[in-house]
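**Student:** Got a sequence here, can you build the structure:
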Amino acid sequence: MELELIVIIGFITTVLTILVKIVGFPDQIKKNYQRKSTEGISTAFYVLSFITYIFWTIHGILQNDWVVYFGQGLGILTTGIIVFQIFFYHKK
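**Tutor:** Below is the predicted model:
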């Protein structure tokens with residue numbers, strides 16, 4: 001019974017995490033692109049998220065855990081684009 005709960009929670013966590021990275025972040029990327037602005041979003045949050053995803057990906061690689069490095073690699077891609085947009089659209 002306990003193992004089933006762990007598997008279920010792990011599956012739900014994985015699905016929700018991937019949805020954030022393939023729905024949530026891309027939606028923000030699209031809005032930034034359409035507005036040609038990143039005004040109102042937190043630079044610190046996205047930079048810290050980007051760095052966190054890098055380290056989680058490295059951890060997944062070192063642990064040979066493809067679920068971790070694939071999921072966190074998506075985070076590198078999506079937050080990396082937003083970090084790029086923050087600096088690209090920054091008003092001087």
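
**Student:** OK, contacts around residue 80?
**Tutor:** Residue 80 sits next to residue 50 when contact means C-beta atoms under 8 Å, 6 or more residues apart in numbering. (Each C-beta comes from the backbone N, C-alpha and C, glycine too.)

**Student:** can you give me the helices for the chain?
**Tutor:** With DSSP state H, the ranges of helices along the chain come out as 2-19, 25-35, 43-62, 66-88.

**Student:** Check which helices and strands the shortest one sits against.
**Tutor:** In terms of contacts (3 or more C-beta pairs under 8 Å, 6 or more residues apart in numbering; DSSP states H and E), helix 25-35 is packed against helix 66-88.

**Student:** one more time with 10 Å, if that's ok
**Tutor:** Contacts of helix 25-35 with other secondary structure elements, assessed using 3 or more C-beta pairs under 10 Å, 6 or more residues apart in numbering; DSSP states H and E, are made with helix 43-62, helix 66-88.

**Student:** picking up where we left off before, most neighbours per residue, which of the helices of the chain?
**Tutor:** Mean neighbour count, computed with mean count of other C-beta atoms under 10 Å, is highest for helix 66-88 among the helices of the chain, reaching a mean of 18.

**Student:** angle of that helix against helix 2-19?
**Tutor:** Angular relation of helix 66-88 and helix 2-19 on a 0 to 180 degree scale: 30 degrees, by axes from the mean of the first three to the mean of the last three C-alpha atoms, to 10 degrees.
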